[in-house]
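Engineer: Here you go, sequence then predicted model.
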Amino acid sequence: MVTAIIVAAGSGVRMGEGPPKQYRLLSGKPLLCHALSAFDRADCVDRLVLVTPKEEKLSVIRPIMERSPVKKPLALALGGDCRQGSVYNGLLASDPATEIVLVHDAARPFVSAAETARCVAAARAHGAAVLAHPASDTIKCADEEGRVLETLDRSRLWQVQTPQAFSFRLLLEAHEKALEEGFSGTDDAALVERLGRPVLLVFGSRWNIKITGPDDLLIAEAIMAARRGKLP
Ligand code: CTP
Ligand code: MG
């Protein structure tokens, strides 16, 4: 069984004023619905878990789900104080028969079924796999005053995206160890890496952007329009 956890419990501080970004409309549909329906369509996914803000009443999410229903079994979980806590709550709400779990940001509306299938296959073979794209900009390390300390070797740098796919038991163990030891990572793979377990990179597309600030919503609308054939 493959379960996809979609984390949508953030407060979208970098998006600025207005409703949390997971509810902002992209092509007339709340952002989180795009990711949910991508996994609903993906043949390799059996079940869905949606993690929503903890202070939120079901009254917010119910009308959204009524307008954009999913066909696959859907469980709801409450978010944590940080992304890692939200994923952990999603793991606890997953069917215990899950073998492979996918973790995905609701803020990435353009994930494809083919990318999802490649991640699942790689996680079955290696235990953990993340979608990633080679860094296209040169990346430098700097101190707090903005003085460059080091230029990193770009040929070895990858920008990591979601979905990230794992053996369910491995990810649960990695989260529990991180919780016990007070470690917080910026993605789930980092928690598996610190167990000394391999994580495979799966080549992803540059379309799979994360909506972070207001500009990203404009870019996302342009991508949607291009897909509908309305842009050159
Ligand atoms: N997320 C979550 N629970 C949290 C924090 C984040 O489920 N406590 C989710 C977000 O909803 C988003 C994904 O993790 O889908 C990636 O996080 P990010 O892009 O940082 O979103 P926000 O945390 O909402 O935005 P910001 O950091 O600007 O506040
Ligand atoms: Mg955040």
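Structural biologist: Yes, it's here. Ligands and ions are numbered 1, 2, ... in the order given.

Engineer: So what does the closest residue to residue 42 other than its chain neighbours look like in phi/psi?
Structural biologist: In space, residue 42 comes closest to residue 113 once its chain neighbours are excluded; the distance is 4.1 Å by C-beta to C-beta, 6 or more residues apart in numbering. From N, CA and C alone the C-beta is placed, and that goes for glycine too. According to degrees, to the nearest 10, the main-chain angles of residue 113 amount to phi -60, psi -40.

Engineer: Could you report the neighbour count for residue 113?
Structural biologist: Residues contacting residue 113 under the criterion other C-beta atoms under 10 Å number 14.

Engineer: Which pLDDT does the model give it?
Structural biologist: You'll see residue 113 listed with a pLDDT of 95.

Engineer: Just to check, it is in contact with residue 4?
Structural biologist: No - counting by C-beta atoms under 8 Å, residue 113 stays clear of residue 4, with 11.3 Å between them.

Engineer: Mutual contacts of those two, please.
Structural biologist: Residues touching both residue 113 and residue 4 by C-beta atoms under 8 Å, 6 or more residues apart in numbering: residue 42.

Engineer: Tell me which stretches of this structure form strands.
Structural biologist: Counting by DSSP state E, the chain forms strands over residues 2-7, 25-26, 29-30, 47-52, 74-78, 100-105, 128-134, 140-142, 148-151, 158-167, 200-203, given from the N-terminal end onward.

Engineer: Reformat these as TSV; add mean neighbour count and mean pLDDT.
Structural biologist: What follows is the strands of the chain, written out as TSV (neighbours: other C-beta atoms under 10 Å; pLDDT from 0 to 100):
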stretch	mean neighbour count	mean pLDDT
strand 2-7	28	98
strand 25-26	16	94
strand 29-30	20	94
strand 47-52	25	96
strand 74-78	17	94
strand 100-105	26	98
strand 128-134	22	97
strand 140-142	10	97
strand 148-151	9	97
strand 158-167	24	98
strand 200-203	16	98
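
Engineer: Could you pull out the helices in the protein for me?
Structural biologist: Along the chain, the stretches classed as helices by DSSP state H are 31-41, 58-67, 83-92, 113-126, 168-181, 188-193, 214-227.

Engineer: which of the residues in the first one are buried?
Structural biologist: Applying a neighbour-count criterion of 16 or more other C-beta atoms under 10 Å, the buried positions in helix 31-41 are 31-40.
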